[in-house]
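J.: Predicted model and sequence follow; I will ask about them next.
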There are 2 protein chains.
Amino acid sequence: MKNELKKYLERFIELSDKESDMALQFFEYQKFPKHTLILRSGDICSFEAYIKRGCAREFFTDHKGNEHTVEFAVEDWWISEINSFENKVPSQVSIETLEETEILFLSLESKKELLEAVPSVERMFRIMMQRHVHVLKKRLLQNMSRNAMDRYLTFLEQYPTVVQRVPQYHIASYLGISQEFLSKLRKRAHQ
Amino acid sequence: MKNELKKYLERFIELSDKESDMALQFFEYQKFPKHTLILRSGDICSFEAYIKRGCAREFFTDHKGNEHTVEFAVEDWWISEINSFENKVPSQVSIETLEETEILFLSLESKKELLEAVPSVERMFRIMMQRHVHVLKKRLLQNMSRNAMDRYLTFLEQYPTVVQRVPQYHIASYLGISQEFLSKLRKRAHQ
């Protein structure tokens, strides 16, 4: 049942049979029909999900009601909203299955216990997160635009000290807009 | 000299004084004037950099020659191109200082030795990467558009099996374009 996950773990870390059996015990198997919402935006994400078979997507709905797909996950990928999961805050995104999908779920409690029981699994999660950073960055490089005011306000929130410290053209470039448009946004934001 | 990093590590993991002294030995301190290119796109990223003081930005130059800022990093942030660093492949992005900047650098070799010497640091890296995933995802949610053909080709490369398995409107939504535009792209890509 959990053979795929065992092989997956062994790609990243060395595990004795005893350790991998122990690790797998913390995961819970579930099978879902196509189009099951396994995370609803606004809820707290209670899992990191390893896809054993099938396909899922993560999406969000913007303020105009349009849906945007953020990521897909197929066999051997993980899907979760990590900030919601780790910090128990409401998720901005939803996750749904697109096919009949078999998942191995890890809850926050089980993850803690797993990392206590088999500390080397920490490395697998670290590397998995690095890959996720890489995938997201690649996607980001290709996607720079839209909703400039929202992006500007988020920028101020995320980098409150940067706005005074770097030239405006770098900020415009971060936001994917012209300097002229940035100064319009600034005026509007501070009105 | 390395007090900030010590405090930073202690936010994530419990370390004895001996362990944190040991950990800090693997980092190399360097100070740069404003506007120093510490990573040039096309080169292999040789570091994960902890910003002790100052400000840096990561940027890339598109095929039209336009620069896009991907991220900023200020005190207590890390900056690196993790895929280039871990897999020794050329970086797509460049990194430059925007102010006089003091950095604690970790090389790949030192990172390996550090993780051997102080295994609990693995947790710090895992959590740091999770935060990075969160920041990138937030930024991505606000940035969906532009260069649709490039995005489509990357999508095919990244998810070769997905294109046959999910409805076209989900793929259009992932790419941030209409279904009509997607079918135009498909025709053009397969010509």
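T.: Alright, I've got the coordinates.
J.: Can you list the low-confidence ranges for chain A?
T.: A:1, A:144-146 (pLDDT under 70).
J.: Can you spell out which helices and strands pack onto the host helix or strand of residue A:128?
T.: Using DSSP states H and E, residue A:128 maps to helix A:121-141. In this structure, helix A:121-141 makes packing contacts with helix A:3-12, helix A:108-117, strand B:67-74, helix B:82-87, helix B:121-141, helix B:148-158, judged by 3 or more C-beta pairs under 8 Å, 6 or more residues apart in numbering or on different chains; DSSP states H and E. Heads up, the C-betas are built off the backbone N, CA and C, glycines and all.
J.: So which elements touch the shortest one?
T.: Contacting helix B:82-87 under the criterion 3+ C-beta pairs under 8 Å, 6+ apart are the following elements: helix A:121-141.
J.: From the rest of the structure, what touches the helix it packs on?
T.: With contact meaning C-beta atoms under 8 Å, 6 or more residues apart in numbering or on different chains, helix A:121-141 is reached by A:9, A:12-13, A:23, A:71, A:78, A:82, A:114-115, B:60, B:68, B:70, B:81-83, B:86, B:92-93, B:115, B:122-123, B:125-126, B:129-130, B:132-133, B:136-137, B:139-140, B:143, B:154, B:158.
J.: how far off helix B:148-158 does it point, in degrees?
T.: Angle, helix A:121-141 to helix B:148-158, by axes from the mean of the first three to the mean of the last three C-alpha atoms, to 10 degrees: 160 degrees.
J.: So residue A:151 is in contact with residue B:69, correct?
T.: No - with contacts counted by C-beta atoms under 8 Å, residue A:151 stays clear of residue B:69, the gap being 11.9 Å.
J.: shared neighbours, these two?
T.: By C-beta under 8 Å, 6+ apart, no residue touches both residue A:151 and residue B:69.
J.: show me the contacts for the spatially closest residue to residue A:36 that is not a sequence neighbour.
T.: In space, and not counting its chain neighbours, residue A:36 is closest to residue A:97: 4.7 Å by C-beta to C-beta, 6 or more residues apart in numbering or on different chains. By C-beta under 8 Å, 6+ apart, the contact list for residue A:97 reads A:32, A:33, A:34, A:35, A:36, A:38, A:54, A:55, A:56.
J.: tell me the contacts of the fifth one?
T.: Spelled out, that is residue A:36. A:96, A:97, A:101.
J.: Against chain B, how distant is it?
T.: 15 Å (C-beta to the nearest C-beta, to the nearest Å).
J.: Need the phi and psi values for that residue.
T.: Torsion angles at residue A:36 (phi, psi; degrees, to the nearest 10) stand at phi -100, psi 130.
J.: what about residue A:85, distance to residue B:188?
T.: Plainly put, residue A:85 is 39 Å away from residue B:188 if you go by C-beta to C-beta, to the nearest Å.
J.: ok, the nearest residue to residue A:60 once chain neighbours are set aside - how many residues close by?
T.: Nearest residue to residue A:60 in three dimensions, chain neighbours excluded: residue A:93, at 4.6 Å (C-beta to C-beta, 6+ apart). Residue A:93 has 21 neighbouring residues, counting by other C-beta atoms under 10 Å in any protein chain shown.
J.: Ok, residue A:183 next?
T.: 12.
J.: same question, residue A:141
T.: 18.
J.: Look up how far residue A:87 lies from it.
T.: For residue A:141 relative to residue A:87 (C-beta to C-beta), the value is 27 Å.
J.: Return the residues in contact with residue A:69.
T.: A:57, A:58, A:59, B:170, B:171, B:173, B:174.
J.: how about those residues, which pair is most distant?
T.: Distance extremes for the contacts of residue A:69: the farthest pair is A:58 and B:171 at 14.0 Å, using C-beta to C-beta.
J.: Return the distance of the residue nearest the centre of chain A relative to residue B:42.
T.: Geometric centre of chain A, nearest residue: residue A:81, 4.5 Å, by C-alpha atoms, centre = their mean. Distance from residue A:81 to residue B:42, counting by C-beta to C-beta: 34 Å.
J.: got it, and residue A:169?
T.: 23 Å.
J.: These two: who's more crowded?
T.: residue A:169 (13 against 10).
J.: Can you say which helix or strand has the more buried one in it?
T.: Residue A:169 belongs to helix A:168-175, assigned by DSSP H and E.
J.: Check which residues of that helix are buried.
T.: A:170, A:171, A:172, A:173, A:174, A:175 (16 or more other C-beta atoms under 10 Å in any protein chain shown).
J.: Run a quick check on residue A:153 versus residue A:186, I expect a contact.
T.: No - using C-beta under 8 Å, residue A:153 is not in contact with residue A:186, being 10.9 Å away.
J.: what's the neighbour count on residue A:3?
T.: Using other C-beta under 10 Å: residue A:3 sits among 9 other residues.
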